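Colleague: have a look at this fold, sequence not included:
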């Protein structure tokens, strides 16, 4: 279900999995589609990822932040950018080692042919091990359209941004917490994150799985604090929660026992 503030359609997880497992979809395209969906990253962010930036064991890598401006410092030969971290799941983790192969550095997503003699590229955009150029946004945009176009007509297939919208919509439909959603989408404001989430399942400050209704004990009015957040922080599982105090018919937490989860 697409978000209310965007015309980009959201694809179901089943449709994306069926696209990835197709035999006519190459390994590079499988990794690209999986990574776009699982990381909820923007296409241009993944295109700038290098192999040496990947943390395969931690399933994460830094990407250039949206709207980041270049800052050239004294004594440095190249420009530095503000980075953000994206995370992927098991599907991408299984495919990444096969795509990387024997390469140790250079762009992660590269073309299948070497750049022509008339094309000028920076050393950072060429793989030193294979000699292939970094995949451009125009080339990436044509990949899902070619595999999902209707009747072979160009421009009728999916776009790369649909994978990000699909991943974020699925998080909203599952009732993900607002903190998890913003960590995945990397929105700067809460209002922007709520607009991107699915309108059918609005975001809550904490996850429904950890937010059962509060109950007070009948004897004396004391009981355990609910699993939901206290003062906006989620209570970690397995830690002792302070008791609630009933004052004037309202359950209140003593000021010296306020719980602030890490």
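Modeller: It's in. From a predicted model like this one, the values you see are computed outputs, not experimental measurements. Numbers count the residues shown, from 1 in each chain.
Colleague: list the buried residues of stretch 180-192.
Modeller: For stretch 180-192, burial by neighbour count (16 or more other Cβ atoms under 10 Å) applies to 181-187. The C-beta positions use only the backbone N, C-alpha and C, and glycine is treated the same way.
Colleague: with stretch 152-165 instead?
Modeller: The neighbour-count check on stretch 152-165 (16+ other Cβ under 10 Å) flags 157-165 as buried.
Colleague: over to residue 119. Which of the three states is it?
Modeller: Look at residue 119: counting by DSSP: H, G, I helix; E, B strand; the rest coil, its state is coil.
Colleague: roughly how far does the closest residue to it other than its chain neighbours sit from residue 122?
Modeller: The shortest distance from residue 119 to any non-neighbouring residue, by Cβ to Cβ, 6 or more residues apart in numbering, is to residue 133 (7.4 Å). Distance, residue 133 to residue 122, using Cβ to Cβ, to the nearest Å: 10 Å.
Colleague: so which of the two has more stuff around it?
Modeller: With neighbours defined as other Cβ atoms under 10 Å, residue 133 and residue 122 compare such that residue 133 has more, 20 against 8.
Colleague: average pLDDT for the host helix or strand of residue 44, rounded please.
Modeller: Per DSSP states H and E: residue 44 is located in helix 43-47. Averaged over helix 43-47, pLDDT sits at 92.
Colleague: could you do stretch 95-115 as well?
Modeller: So the average pLDDT for stretch 95-115 ends up being 91.
Colleague: can you list contacts of that stretch?
Modeller: Residues outside stretch 95-115 that contact it (Cβ atoms under 8 Å, 6 or more residues apart in numbering) are 27-28, 30-32, 34, 46-47, 49-52, 54, 56, 121, 124-135, 139-140.
Colleague: same thing with stretch 132-140?
Modeller: The contact list for stretch 132-140 (Cβ under 8 Å, 6+ apart) reads 32, 43-44, 47, 107, 109-115, 119, 121, 125-127, 160.
Colleague: buried only: go through the residues you listed for me.
Modeller: Among the contacts of stretch 132-140, those scoring as buried are 32, 43, 47, 107, 109-111, 125-127, 160 (criterion: 16+ other Cβ under 10 Å).
Colleague: how many other residues sit next to residue 151?
Modeller: When neighbours are defined as other Cβ under 10 Å, residue 151 has 5 of them.
Colleague: go on, residue 34?
Modeller: If you count neighbours by other Cβ under 10 Å, residue 34 ends up with 24.
Colleague: mind listing what it touches?
Modeller: 20, 88, 91-92, 95.
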